[in-house]
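below is the sequence, then the predicted model.
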Amino acid sequence: MGWEQLAQTVHDKLVSMHTLVPTRPAYIVATDASKHGMAGFWLPKSSTTNLPPVLWSAPFHPDIQHQL
């Protein structure tokens, strides 16, 4: 199925948000990108999680930057 066909039929296959995310998220997450690269963070919503906060970034290769 191509993207165009998917876009035309997506309203026929509605899915409840609770099906996709059945429980409250344990993390606050954001990502973003620009011509120069991409970055994001994961922050636990409580101190009871075992994983620490994560901040990340990665530059795009100059060839990709020149295409944008």
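Yes, it's here.

please name the bridge partners of residue 29.
residue 42 (DSSP bridges).

hang on, isn't it packed against residue 40?
Yes - with contacts counted by CB atoms under 8 Å, residue 29 reaches residue 40, the gap being 7.0 Å. Where C-beta positions appear, they are placed from N, C-alpha and C, glycine not excepted.

who's more crowded, the two?
residue 40 (14 against 10; other CB atoms under 10 Å).

isn't residue 65 up against residue 33?
No - here residue 65 lies out of contact with residue 33, judged by CB under 8 Å, at a distance of 11.3 Å.

in stretch 28-47, what's buried?
residue 42 (16 or more other CB atoms under 10 Å).

what's the span of that stretch, first residue to last?
End-to-end span of stretch 28-47 (CA to CA, to the nearest Å): 13 Å.

low-confidence stretches in this protein?
Filtered on pLDDT under 70, the chain yields the residue ranges 1.

how about the strands in it?
27-33, 37-44, 54-59 (DSSP state E).

got the contact list for the shortest one?
Right, the one you point to is strand 54-59. 36-42 (CB atoms under 8 Å, 6 or more residues apart in numbering).

what do you get if the cut-off is 10 Å, keeping everything else the same?
Strand 54-59 has contacts (CB atoms under 10 Å, 6 or more residues apart in numbering) with 27, 29, 31-33, 36-44, 65.
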